[in-house]
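> below are the sequence and a predicted model; questions follow.
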Amino acid sequence: MRGTTIALTALMLAFGSVQSAQAAPQMLGVVASAAPLKLHCEGDVCLTQISTICLQANRDTPKRFQAYEPHNPGAFTVLAKNSDNEVVPVALPQSSFKSIRGYSAVEVVVDVSSLRGTGMVPMSLTVAHDGLLVPVAEANDLDPIVDEEIRYAMASLKPAADDVFKQHGPEYEAVRLVNQLLNETPMKGRMAKADREQLWDDTFGESPRESVGAGAHRAADVVGYCQYRTKQGRFFSVRRCLEQRLDGMLMNINTEYWRAVQPGS
């Protein structure tokens, strides 16, 4: 009898693990960009990183490289230089989205072959405030995202997240600025010492002391911390440090959002 009980328990645990593994992860709300985010390009492929929050606490956190697709592709626009050297907006070309650090960061991979074919040079990506990412459906998904969930997310969850962003305005603005700065750093390797020390000035055209607003001051503190810690050797690169601090700020905002959407709150 004891052996049977153990076997049944193991079976239930195994089935639960399989079920969890085959259930769709959370939908993600996209944090609007404070300014265009630099695209890092090699050949016909360009990459950048966007900040996101978890909209569904009841679903699992996405695993690394979980594929997503935008519910509203119009929330994303590529800025490119045309043959007249003018920067113009272009509808998002064929792209893929994948989570890279849980629910707080998604890498956007843009196929720019169609742009280059017309003589355009991709520069950056802008993100509007209404971005929603839905996990790509898998054939063996036991609990997929359904249309009703998406409609509910757009009608209720996204507005609730926007309210939390407004309540935490300085930290939200700091998130947007730090993400912009992060995308100015190399995706691989390290920055030269002079470039690292001039990151804020080169990005915004002014020193941190000249920046105005609580959000900018918070972001400047993050950058200063990361420059110092990288100089000390605590981080391999300033980018790795910015990622860590950015994730922490997003977790704080996400925690407040979860509290806001709890039943009875």
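Received it, and whenever you're ready, just let me know what you need.
> got the buried residues for the helix or strand containing Gln227?
Using DSSP states H and E, Gln227 sits within helix 214-232. Residues of helix 214-232 classed as buried by neighbour count (16 or more other Cβ atoms under 10 Å): Gly215, Ala216, Arg218, Ala219, Ala220, Val222, Val223, Cys226, Gln227, Arg229, Thr230. Glycine gets a C-beta too; all of them are placed from N, C-alpha and C.
> pick the one among the residues you listed closest to Thr203.
Checking the buried residues of helix 214-232 against Thr203 by Cβ to Cβ gives Val223 as the nearest, at 9.3 Å.
> returning to that earlier point: list the buried residues for whichever helix or strand comes after the helix holding Gln227?
Once helix 214-232 ends, the next helix or strand along the chain (criterion: DSSP H and E) is helix 238-261. Under the neighbour-count criterion of 16+ other Cβ under 10 Å, helix 238-261 has 238-243, 245-247, 249-250, 253-254, 256-258, 261 buried.
> and if you look at stretch 68-80?
Counting neighbours by 16+ other Cβ under 10 Å, one finds that the buried residues in stretch 68-80 are Tyr68, Pro70, His71, Ala75, Phe76, Thr77, Val78, Leu79, Ala80.
> contact partners for the second one?
Residues counted as contacts of Pro70 (Cβ atoms under 8 Å, 6 or more residues apart in numbering) are Phe76, Leu92, Phe97, Gly131, Leu132, Leu133, Val134.
> which ones among these lie within strands?
Counting by DSSP state E, the part of these found in strands is Phe76, Phe97, Leu132, Leu133, Val134.
> would you point out the most distant pair within the contacts of Pro70?
Farthest pair in these (Cβ to Cβ) is Leu92 and Val134. Separation: 15.3 Å.
> okay, those two: which has more neighbours?
Set Leu92 next to Val134 and count neighbours by other Cβ atoms under 10 Å: Val134 wins out with 20 against 16.
> do I have it right that the more buried one meets Ala67?
No. Counting by Cβ atoms under 8 Å, Ala67 is not a contact partner of Val134; they are 10.2 Å apart.
> helices of the chain, residue ranges please.
Counting by DSSP state H, the segments of the chain that form helices are 2-21, 113-116, 147-152, 158-167, 169-182, 193-197, 199-204, 214-232, 238-261.
> show residues contacting the fifth one.
The reference is to helix 169-182. Contacts made with helix 169-182 from outside it, assessed by Cβ under 8 Å, 6+ apart, are listed as 31-35, 37, 49-51, 165-166, 199-200, 203, 213-219, 222-223, 239, 242-243, 245-246, 249-250, 252-253.
> so where is the stretch 101-250 of the chain shaky, pLDDT-wise?
Counting by pLDDT under 70, the stretch 101-250 of the chain shows no low-confidence range.
> kindly recompute the last result at 90.
Of all residues in the stretch 101-250 of the chain, those with pLDDT under 90 make up the ranges 129-130, 138-142, 208-212.
> not counting its neighbours along the chain, what's nearest the most centrally placed residue in the chain?
By Cα atoms, centre = their mean, the mean C-alpha position of the chain lies nearest to Ser51, the distance being 2.5 Å. If you skip the residues right next to it in sequence, Ser51 has Val31 as its closest partner in space, 4.0 Å away by Cβ to Cβ, 6 or more residues apart in numbering.
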